[in-house]
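S.K.: Pasting the sequence and the predicted model now:
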Amino acid sequence: MSIHTDGTHENIVLAQHVNGRLRAEARMHFARAFLLRAIGAGAFSALAGIGIGAACYGYAYMNQFDSAAEKIASAMQAALSDVTLKTKGEVTLTDNTLKLEGLPAQKANAVPTPTKAQLGTDAVPASQAPVNTTFTVFKQVPYLDGQIVTGWNFKANEERPFQQYCYFSRRSNETKGQVEIKIDLAMDGKTLPQPQKSDVNLGILASNCVWHDGKTL
């Protein structure tokens, strides 16, 4: 039914009023729908921005710690490459004598003396017989395919040897195994008599013996 039909003036005005009200309500519904769509789009954009911002923050946060770890690792590597390990102790020079803290001082060129524990002064046989303690210092000089060995025999608490001997030693491989050849050269700084049936010159070999005082006794 059309509202533009013939009728009274009141009916025409009422029809126009109703038609205008419907159009106004339609505009209101359209505006409300647009507002809701705008709010939804804004909320979506806000949430998307928050998500992107959080992701960027997390990425930057992780990179920051990675960079810090890399810097620490590089610093430690550089420090360890140049590190010098030092032991605890003190080395001082006093009156041309080298001393190490915690060790007894020794005179220059002094003969090494065993400690009490090394000498075993408390060791006794089952028979309880008196025990004489001595020790030997060896000086070795390479010679040809062997070596010339000088032995210094010391008594406990004495600085000069009571006996010295010198010999030539050489090892050779034989079919039955390794054999050691030993030729006595001198005793107490004096060359032993030259054997008649020997091609070895004891005097030449004995010149390489190392005596305690640097000369014959």
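M.R.: Everything's here; your move.
S.K.: May I see the buried residues of stretch 145-153?
M.R.: For stretch 145-153, the neighbour count (16 or more other C-beta atoms under 10 Å) marks Gly146, Ile148, Val149, Thr150, Gly151, Trp152 as buried. Where C-beta positions appear, they are placed from N, C-alpha and C, glycine not excepted.
S.K.: looking just at contacts, which helices and strands does the longest helix belonging to the chain meet?
M.R.: Assignment by DSSP state H gives helix 9-81 as the longest helix of the chain. Contacting helix 9-81 under the criterion 3 or more C-beta pairs under 8 Å, 6 or more residues apart in numbering; DSSP states H and E is no other helix or strand.
S.K.: How much space separates Gly120 from Gly214?
M.R.: 31 Å (C-beta to C-beta, to the nearest Å).
S.K.: I meant to write His17 there.
M.R.: Distance of His17 to Gly214, given as C-beta to C-beta: 143 Å.
S.K.: what about those two, which has more around it?
M.R.: In this view His17 and Gly214 are compared by other C-beta atoms under 10 Å, and His17 has more residues nearby, 10 against 7.
S.K.: Name the nearest residue to Phe187, ignoring sequence neighbours.
M.R.: I think there's a mix-up here, since residue 187 is Met and not Phe. Distance criterion C-beta to C-beta, 6 or more residues apart in numbering; nearest residue to Met187, sequence neighbours excluded, is Tyr165 at 5.2 Å.
S.K.: ugh, wrong one, I meant Pro125
M.R.: In space, Pro125 is closest to Val131, 7.1 Å off (C-beta to C-beta, 6+ apart).
S.K.: hmm, back to that, okay, and which of the buried residues of stretch 145-153 map to strands?
M.R.: Judged by DSSP state E, the buried residues of stretch 145-153 include Gly146, Ile148, Val149, Thr150, Gly151, Trp152 as members of strands.
S.K.: now, which of those residues sits nearest Thr175?
M.R.: Set against Thr175, the nearest of these by C-beta to C-beta is Gly146 (20.1 Å).
S.K.: Before I go, just wanted to say thanks for your time.
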